[in-house]
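S.K.: need a 3D model of the following:
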Amino acid sequence: MYRSPRELIGFTLGRASRLWRTRMDERLGPLGLTQARWLVLVHLSRAGGAMPQKELAERIGVEGPTLVRVLDGLERTGFIERRGQDADRRAKVVHLVAQSSDVVGEIVKIAAELREEILDGVAEEDLATCMRVLTTIVRNMEGGR
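M.R.: Residues are numbered from 1 along each chain as shown. Presented below is the predicted three-dimensional model:
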């Protein structure tokens, strides 16, 4: 039975997201990184190496207690450290540590290789259109519509 693109878009987006993350997990598994861990490292790297813990949870889309467990593991492996803020010692800022730069570089390299494989055969114009549509969808969802 034929379904319209409006009916299928949610299922297709969800499936694409799951498959993309599964492929990343497969490639990053040998580095000992789970999806939760590599997402934290990438977000911190993109933010210049440090971010308030609350903001990090929001960006990744997880609840605070869930993030705390991930951060505990990353701290044990020596990739991050948490420091109190001067204004509020209870609020923590998560920092990448120097030795994490190699693993972050490897994550970025693997992600770029995978992205090229996944997007093989997709024209730049089509990708630009897709990004405009996805940006609108995200904006609509973030706006509470």
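S.K.: switch to C-alpha atoms for all contacts and neighbour counts from now on
M.R.: Noted.
S.K.: so what's the residue nearest the centre of the chain closest to, chain neighbours aside?
M.R.: Nearest to the mean C-alpha position of the chain, counting by C-alpha atoms, centre = their mean, stands Leu39 at 3.9 Å. Leaving aside its chain neighbours, Leu39 sits nearest to Ile60 (7.2 Å; criterion: C-alpha to C-alpha, 6 or more residues apart in numbering).
S.K.: gap between the residue nearest to the centre of the chain and Glu125?
M.R.: From Leu39 across to Glu125, the span is 28 Å (C-alpha to C-alpha, to the nearest Å).
S.K.: same deal with Thr22?
M.R.: 27 Å.
S.K.: pLDDT below threshold where in the protein?
M.R.: Low-confidence segments of the chain (pLDDT under 70): 1-2, 89, 144-145.
S.K.: all helices of it, in order?
M.R.: All helices of the chain, identified by DSSP state H, fall at 5-28, 35-46, 53-60, 64-76, 101-118, 124-142.
S.K.: need those in JSON lines (columns: distance to Ala91).
M.R.: Formatted as JSON lines, those follow (distance: least, C-alpha to C-alpha, whole Å):
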{"stretch": "helix 5-28", "distance to Ala91": "30"}
{"stretch": "helix 35-46", "distance to Ala91": "17"}
{"stretch": "helix 53-60", "distance to Ala91": "7"}
{"stretch": "helix 64-76", "distance to Ala91": "12"}
{"stretch": "helix 101-118", "distance to Ala91": "25"}
{"stretch": "helix 124-142", "distance to Ala91": "25"}
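S.K.: relative to Ala87, which of the ones you listed is closest?
M.R.: helix 53-60 (14.5 Å; C-alpha to C-alpha).
S.K.: helices or strands up against that closest one?
M.R.: helix 35-46, helix 64-76, strand 92-96 (3 or more C-alpha pairs under 8 Å, 6 or more residues apart in numbering; DSSP states H and E).
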